[in-house]
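Asks: Fold the following and give me the result.
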Amino acid sequence: MFTTYVLYSPSFNKIYIGYTSDLEDRFKSHNELAKQGYTVKFRPWIILHTEIFQTKAEATKREKQLKSAKGREFIWNLVNQKFKE
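Replies: Alright, predicted model coming up:
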């Protein structure tokens, strides 16, 4: 099982899109363990959206879709629904 996920940093109004086979461990890495990289700069993160897939190929395909203009529009609509209203 693979999870495509979207993280949101309310403090910095940033999003991060990725996929993993272990969401709990990956989320901990983004928020606590990692020492360098994009997500370190914008902590703390919350999990905004997740989708579960059977294969890595499906998860990476959805990750690419979410990183497209239409995908980012979908994500920012979620942010606005959950945090801006």
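Asks: Give me the pLDDT for N31.
Replies: N31 carries a pLDDT score of 96 in this model.
Asks: Kindly report the same for E85.
Replies: 61.
Asks: Check the gap between the residue lying closest to F12 once chain neighbours are set aside and S11 for me.
Replies: Nearest non-adjacent residue to F12, counting by C-beta to C-beta, 6 or more residues apart in numbering: F42, 4.4 Å away. Just so you know, the C-beta spots here come from the backbone N, C-alpha and C atoms, and that holds for glycine as well. Applying C-beta to C-beta, to the nearest Å, the value for F42 to S11 is 7 Å.
Asks: can you list contacts of the helix or strand hosting T4?
Replies: Per DSSP states H and E: T4 is located in strand 2-9. For strand 2-9, the external contacting residues (C-beta atoms under 8 Å, 6 or more residues apart in numbering) are 14-21, 23, 26-27, 30, 39, 42-56, 58-59, 62-63, 66, 75, 78-79, 83.
Asks: Please list the members of those residues that lie in helices.
Replies: Mapping the contacts of strand 2-9 onto helices (DSSP state H) picks out 23, 26-27, 56, 58-59, 62-63, 66, 75, 78-79.
Asks: Which two of the residues you listed have the greatest separation?
Replies: The span of the ones in helices among the contacts of strand 2-9, defined through C-beta to C-beta, is set by K56 and V79 at 26.7 Å.
Asks: More neighbours: which of the two?
Replies: Using other C-beta atoms under 10 Å, the more surrounded residue of K56 and V79 is V79, with 16 against 13.
Asks: Excluding sequence neighbours, find me the nearest residue to the more buried one.
Replies: Y8 (5.9 Å).
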